[in-house]
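Asks: Let's see this in three dimensions:
(one chain, ligands or ions: 2)
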Amino acid sequence: MTDQELAIKIRGLKKTYGAEGASSAKVALKGVDLSIPRGSIFGLLGPNGAGKSTTINIIAGIVDKTEGSVEVWGFDIDKDVRNAKANIGIVPQEINFDVYFTPFEILELYAGYYGIPKAERRSDEILRAMRLEDQRDAYTRFLSGGMKRRLLVGKAMVHNPPILVLDEPTAGVDVELRQHIWQYVRELNNKGVTVVLTTHYLEEAEELCDEIAIINHGELVICEKTPKLLKQLDEKMVVIHPVKPIDEIPQDLKALGAKLNDEGAMVIHFSPSTITVGEILKKVSATDIEIADLKTEESDLEDIFLQLTKSKEV
Ligand SMILES: Nc1ncnc2c1ncn2[C@@H]1O[C@H](COP(=O)(O)OP(=O)(O)O)[C@@H](O)[C@H]1O
Ligand SMILES: [Mg+2]
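Replies: Ligands and ions are numbered 1, 2, ... in the order given. Sure, this is the predicted structure:
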């Protein structure tokens, strides 16, 4: 993929938060590379503390990086701050607007901040898109949690950026609002907006994203197109030690992709969603191979995944 096709390009990104008071220095990112294609919905998936917010806060220019380079829509965040910021809208994890303004005032304020002339502002259009037109002139502090979250998204879209970044957009929201946010993300993407979202819900990344990067402990674990990633996560392995050495793998087992390893054991990789261990064993017992010992192993990735899904409850 050429650089012109990338919305965001990250190379060798490192971040260490400095020691402060009683807390020692904290390494949050250990050298992350990411290439986020234009037009995609890209998911940054990982458990709490993985470094997701740090990554996107660096992209947004909210947190200073320690090392590495970041380009937003082709603009280096160090060399061309203005253009980098103009091309991205960030929806932070925490609500960060002054609740004594009305939604309309907040959008106007930000439009002013971005230097958008009055005639070109889209505050009412954004409020409609966010289904907040009825709350246009209400004090923001009286809005429900869901409405505040939608206003945050609206605020990030004020300057019509080609990239929208959402940090845990559905953490702690109810099912109905989650569906609503997902729908809106899809709508924006259909209009051509590149969406980057962080999440610790596998289900969310699976549902929405074209491509998923998993990070853990400040390191990139894997980055793949969603269907390919899911396929890999589904993989298991069975190792069969035979009583007598196997000269040649029977055709039926060859068809399953069975191979002999250095120890003369037969190794079969399989997807639990397509075939069970029981079914594999049936095929083995139909041959003249006698089983001395057998074990199944999950791929490392699946372990990581298990960890990730466990942290769902956190
Ligand atoms: N301002 C900060 N000062 C010190 N450490 C921080 C700060 N922000 C985040 N961290 C640490 O950096 C690591 C990554 O955090 P974060 O990027 O917020 O992860 P995530 O968003 O994936 O949950 C965590 O260990 C966290 O405690
Ligand atoms: Mg976070």
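Asks: How far does stretch 118-133 stretch from one end to the other?
Replies: From its first residue to its last, stretch 118-133 covers 19 Å (Cα to Cα, to the nearest Å).
Asks: buried residues in it?
Replies: Under the neighbour-count criterion of 16 or more other Cβ atoms under 10 Å, stretch 118-133 has Arg121, Arg122, Ser123, Ile126, Leu127, Ala129, Met130, Leu132 buried. (C-beta placed from N, C-alpha, C; glycine too.)
Asks: possible to save those residues as TSV with distance to Val195, pLDDT and secondary structure?
Replies: Converted to TSV, the buried residues of stretch 118-133 look like this (distance: Cβ to Cβ, whole Å; pLDDT from 0 to 100; DSSP: H, G, I helix; E, B strand; the rest coil):
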residue	distance to Val195	pLDDT	secondary structure
Arg121	23	93	coil
Arg122	19	92	coil
Ser123	22	95	helix
Ile126	16	90	helix
Leu127	20	93	helix
Ala129	14	83	helix
Met130	15	85	coil
Leu132	20	92	coil
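Asks: Turn those into JSON lines, columns for distance to ligand 2.
Replies: Formatted as JSON lines, the buried residues of stretch 118-133 follow (distance: Cβ to the ion, whole Å):
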{"residue": "Arg121", "distance to ligand 2": "31"}
{"residue": "Arg122", "distance to ligand 2": "29"}
{"residue": "Ser123", "distance to ligand 2": "29"}
{"residue": "Ile126", "distance to ligand 2": "25"}
{"residue": "Leu127", "distance to ligand 2": "27"}
{"residue": "Ala129", "distance to ligand 2": "26"}
{"residue": "Met130", "distance to ligand 2": "23"}
{"residue": "Leu132", "distance to ligand 2": "25"}
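Asks: can you list the residues you listed in TSV and add distance to Val185?
Replies: As requested, the buried residues of stretch 118-133 are arranged in TSV below (distance: Cβ to Cβ, whole Å):
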residue	distance to Val185
Arg121	23
Arg122	19
Ser123	21
Ile126	15
Leu127	18
Ala129	12
Met130	12
Leu132	17
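Asks: Quick one: end-to-end length of stretch 41-60, please.
Replies: For stretch 41-60, the first-to-last residue distance is 17 Å (Cα to Cα).
Asks: how about it, does it reach ligand 2?
Replies: Yes: using Cβ under 5 Å from the ion, we find that stretch 41-60 touches ligand 2 at Lys52, Ser53.
Asks: Next to ligand 2, which bits of the chain? Give me the list.
Replies: So the chain meets ligand 2 at Lys52, Ser53 (Cβ under 5 Å from the ion).
Asks: Can you get me a residue count around the residue in the chain positioned nearest to ligand 2?
Replies: Nearest to ligand 2, among the residues of the chain, is Ser53, at 3.1 Å (Cβ to the ion). Counted with other Cβ atoms under 10 Å, residues neighbouring Ser53 total 20.
Asks: cool, Pro103 as well?
Replies: So Pro103, with other Cβ under 10 Å, has 28 neighbours.
Asks: and it, what does it touch?
Replies: By Cβ atoms under 8 Å, 6 or more residues apart in numbering, the residues touching Pro103 are Leu127, Leu132, Gln135, Arg136, Asp137, Ala138, Thr140, Leu143, Leu151, Gly154.
Asks: The residue lying closest to Ala156 once chain neighbours are set aside: neighbour count?
Replies: Spatial nearest neighbour of Ala156, excluding adjacent residues (Cβ to Cβ, 6 or more residues apart in numbering): Gly89 at 3.4 Å. By other Cβ under 10 Å, the residues close to Gly89 number 24.
Asks: Can you show me the strands along this protein?
Replies: Ranges of strands in the chain, per DSSP state E, are 6-17, 26-37, 41-45, 67-72, 75-76, 88-91, 163-167, 194-199, 211-216, 219-225, 236-242, 259-260, 266-270, 291-298.
Asks: and the ones you listed as JSON lines, adding mean pLDDT?
Replies: Formatted as JSON lines, the strands of the chain follow (pLDDT from 0 to 100):
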{"stretch": "strand 6-17", "mean pLDDT": "98"}
{"stretch": "strand 26-37", "mean pLDDT": "97"}
{"stretch": "strand 41-45", "mean pLDDT": "96"}
{"stretch": "strand 67-72", "mean pLDDT": "98"}
{"stretch": "strand 75-76", "mean pLDDT": "96"}
{"stretch": "strand 88-91", "mean pLDDT": "94"}
{"stretch": "strand 163-167", "mean pLDDT": "95"}
{"stretch": "strand 194-199", "mean pLDDT": "95"}
{"stretch": "strand 211-216", "mean pLDDT": "92"}
{"stretch": "strand 219-225", "mean pLDDT": "90"}
{"stretch": "strand 236-242", "mean pLDDT": "90"}
{"stretch": "strand 259-260", "mean pLDDT": "92"}
{"stretch": "strand 266-270", "mean pLDDT": "89"}
{"stretch": "strand 291-298", "mean pLDDT": "85"}
